[in-house]
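Engineer: can't give you the sequence, but here's the structure:
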């Protein structure tokens, strides 16, 4: 039998959503950085999220009836 420790590291993602969120929503999106952009969009970023975490945040966006604009995997910054 071959035992291999799975890689538990995730990937970095940016999610863009229409509208703005108040700062108290940061608890609802635990682990994600929330930035309201000047163009009326929300930028959610997480430097290390796995597939389950990504699906979880997408479900939260859906539950709030927010308009999803894009989901992008980005390069993780070192340091």
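Structural biologist: That came through fine. As the structure is a prediction and not an experimental result, all values here were calculated from the model.

Engineer: what comes up buried for the helix or strand hosting residue 13?
Structural biologist: Using DSSP states H and E, residue 13 sits within strand 11-18. For strand 11-18, burial by neighbour count (16 or more other C-beta atoms under 10 Å) applies to 11, 13, 15, 16, 17. From N, CA and C alone the C-beta is placed, and that goes for glycine too.

Engineer: Low-confidence stretches in the chain?
Structural biologist: Residue ranges of the chain with pLDDT under 70: 1-8, 76-79.

Engineer: which residues of it fall in helices?
Structural biologist: 51-63 (DSSP state H).

Engineer: re earlier: I'd like to know which of the buried residues of strand 11-18 is nearest to residue 68.
Structural biologist: Checking these against residue 68 by C-beta to C-beta gives residue 17 as the nearest, at 5.9 Å.

Engineer: who does that closest one bridge with?
Structural biologist: Counting by DSSP bridges, residue 17 is bridged to residue 42, residue 68.

Engineer: show me what contacts it?
Structural biologist: 41, 42, 44, 61, 66, 67, 68, 69 (C-beta atoms under 8 Å, 6 or more residues apart in numbering).

Engineer: and those, which are buried?
Structural biologist: Of these, these count as buried by 16+ other C-beta under 10 Å: 41, 42, 44, 61.

Engineer: Let's have those in JSON lines, adding distance to residue 30.
Structural biologist: Converted to JSON lines, the buried ones among the contacts of residue 17 look like this (distance: C-beta to C-beta, whole Å):
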{"residue": "41", "distance to residue 30": "21"}
{"residue": "42", "distance to residue 30": "16"}
{"residue": "44", "distance to residue 30": "12"}
{"residue": "61", "distance to residue 30": "14"}
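
Engineer: And those, which is closest to residue 31?
Structural biologist: Distances from residue 31 to the buried ones among the contacts of residue 17, taken by C-beta to C-beta, are shortest for residue 44, at 9.9 Å.
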